[in-house]
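Student: pasting a predicted model and its sequence here:
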Amino acid sequence: MKRMKSLLVRKMNKERCAWVSEEPVYIAYHDEEWGRPVFQDDRYLFEMLTLEGAQAGLSWITILKRRENYRRAFDNFEADIIAAYSNEKVEALMQDEGIIRNRRKIESVIKNAKAFQQIQKEFGSFDDYIWSFVDREPIVNHWERHEDVPAQTDLSKQLSKDLKKRGFSFVGPVICYSFMQATGMVNDHTKSCFLSG
């Protein structure tokens, strides 16, 4: 009973993970997406993999604020469309002020879309491939503090290595762990957070 009361109080007060700022877009992302398992949605999984790669060297809020621009610029993250992008499309994206205009990152989205298609052919879906790393069961951690949450794990290193072997880029172990957190493969809401598992 005491635990239930404690959970109710936390939900009413909306205590969140320490990394969440007062930015509405950050709060919405934390409350509605981060750590929630995403099954059978290859388009969304590709979106998150792309956005996590775009974040490399930048803050997540920088990318989050440009998310709608990315959706517009990259055809709503439809891998089949992106895989067919021409050099002219790359040049047009390089002029798009709504996204991060880094040629290597832009070209990696196209490269990754092609590798993504190959995984879909081999496994039936990217969903089946990616969730096989955790046996389709989210890993729920119970960290006390934000500082306890790792930047990478042995599993994210394994995922990174396999994605790179399959032709992906901008998928280092830290990016992969962020992706795993974002798509709910890992639930890293800290114990004080109202969304703690």
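Tutor: In hand now; what should we look at?
Student: report pLDDT for Arg3.
Tutor: For Arg3, the pLDDT comes out at 44.
Student: what ranges does this structure have for its helices?
Tutor: 2-13, 24-32, 42-55, 60-64, 67-73, 79-82, 87-94, 103-123, 126-131, 154-165, 173-182 (DSSP state H).
Student: out of these, which gets the lowest mean score?
Tutor: helix 2-13 (a mean of 44).
Student: distance of Ile119 relative to Leu155?
Tutor: 18 Å (Cβ to Cβ, to the nearest Å). From N, CA and C alone the C-beta is placed, and that goes for glycine too.
Student: more neighbours, these two?
Tutor: Using other Cβ atoms under 10 Å, the more surrounded residue of Ile119 and Leu155 is Ile119, with 22 against 17.
Student: report the contact partners of that one.
Tutor: Phe126, Tyr129, Arg166 (Cβ atoms under 8 Å, 6 or more residues apart in numbering).
Student: try 6 Å this time
Tutor: Contact analysis of Ile119 by Cβ atoms under 6 Å, 6 or more residues apart in numbering lists Phe126, Tyr129.
Student: distance of it relative to Arg16?
Tutor: Distance from Ile119 to Arg16, by Cβ to Cβ: 34 Å.
Student: in contact with Arg16, which residues?
Tutor: His30, Cys193.
Student: gap between it and Val140?
Tutor: Distance from Arg16 to Val140, by Cβ to Cβ: 17 Å.
Student: where's the nearest residue to Tyr44 once chain neighbours are set aside relative to Asn69, distance?
Tutor: The shortest distance from Tyr44 to any non-neighbouring residue, by Cβ to Cβ, 6 or more residues apart in numbering, is to Val38 (5.6 Å). Noted for Val38: a distance of 22 Å to Asn69, by Cβ to Cβ.
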